[in-house]
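>>> Fold the following for me, if possible:
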Amino acid sequence: EVERVAPSKIDGVTLEMEILAELESVEDAQRLLGGFTASYRSWIEEQRGNVEKLSTKRQAVVEELLHRASHAADRIDGGIALLADDDCLEAFRLANRSMAAQGKRRLALQLNKPMSEIVPAWRPFQLAYILMNLEGIANPASPDREVVDLLFFPTGGGKTEAYVGLAAFTLVLRRLRNPGLSSAGLSVLMRYTLRLLTLDQLGRAAALICAL
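Next up, the predicted model:
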């Protein structure tokens, strides 16, 4: 349901997985994704205009939250800039291609439609989450390695798709950087807090691995 209603664009930013799977360069990525942080930063500034209406105590809380939001925007920009690296760009392309492939097959079965009618697309928060974490995945010396990002969203909102997409990037990048047996082994840990989620998450992970 989430993927079916996801828009293909928002504020000029391309969200379709298959289009992002065909990026040719970091310039291409900036052209298709550059409006992402511009819109986000504009929203942050709009919120700053409301700070003076609050009590002193609440102003301090809002300023801290807006500071964190600005830092998140910087990290998203950093993820886009990282696509100047050939391996990172290829990993991002293949991750999108794989996510589109598994999404098409899954949604075609769910909706009883031919795969040609399915257009998998990211929701804005999903793509933002992936982009802001690329630097921490790709650069072992990144300070982002000390950060734990929590996706807090209602059930059925698309959290799994977001982290599975990031897992796809991680798996592909490891293979590209370490061809052969040196890329074998454990890359991603998935831990479920509810038993009822286990089969669902296993199916989603298996679909991704098959697509890859």
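>>> so which helix or strand takes in residue 91?
helix 86-111 (DSSP states H and E).
>>> Could you figure out how far the helix or strand that that helix is followed by is turned away from helix 86-111?
The helix or strand immediately downstream of helix 86-111 is helix 124-138, counting by DSSP H and E. Interaxial angle, helix 124-138 versus helix 86-111 (axes from the mean of the first three to the mean of the last three CA atoms, to 10 degrees): 140 degrees.
>>> got a list of contacts for helix 124-138?
Helix 124-138 is contacted from outside by 10, 13, 15, 33, 36, 40, 72, 75-76, 78-80, 82-83, 85, 88, 92, 95, 122, 142, 144-145, 147, 149, 151, 153, 158, 161-163, 165-166, 169-170, 173, using CB atoms under 8 Å, 6 or more residues apart in numbering. All C-beta atoms are positioned from the backbone trio N, CA, C, and that covers glycine.
>>> quick one: which of those residues sit in strands?
Residues of the contacts of helix 124-138 located in strands (DSSP state E): 10, 13.
>>> how far does the helix holding residue 91 sit from the chain's center?
How far helix 86-111 lies from its chain's middle: 12 Å, per CA atoms, centre = their mean, to the nearest Å.
>>> Sort out which residues of that helix are buried, please.
Of the residues in helix 86-111, those buried under the neighbour-count criterion (16 or more other CB atoms under 10 Å) are 88-89, 91-107.
>>> tell me what it is packed against?
Packing contacts for helix 86-111, counted by 3 or more CB pairs under 8 Å, 6 or more residues apart in numbering; DSSP states H and E, involve helix 2-5, helix 17-20, helix 26-33, helix 124-138, helix 159-177, helix 195-211.
>>> can you do 7 Å?
helix 2-5, helix 17-20, helix 159-177, helix 195-211 (3 or more CB pairs under 7 Å, 6 or more residues apart in numbering; DSSP states H and E).
>>> Identify the residues contacting residue 114.
Applying CB atoms under 7 Å, 6 or more residues apart in numbering, we find residue 114 in contact with residue 108.
>>> Can you read off the pLDDT for it?
Per-residue confidence at residue 114 stands at 85 (pLDDT).
>>> Next, work out how far apart it and residue 104 are.
Counting by CB to CB, to the nearest Å, the gap from residue 114 to residue 104 is 10 Å.
>>> From the centroid of the protein, which residue is nearest?
Relative to the mean C-alpha position of the chain, the nearest C-alpha, by CA atoms, centre = their mean, is the one of residue 130, at 2.5 Å.
>>> which residues sit against stretch 53-67?
The contact list for stretch 53-67 (CB under 7 Å, 6+ apart) reads 44, 47-48, 51.
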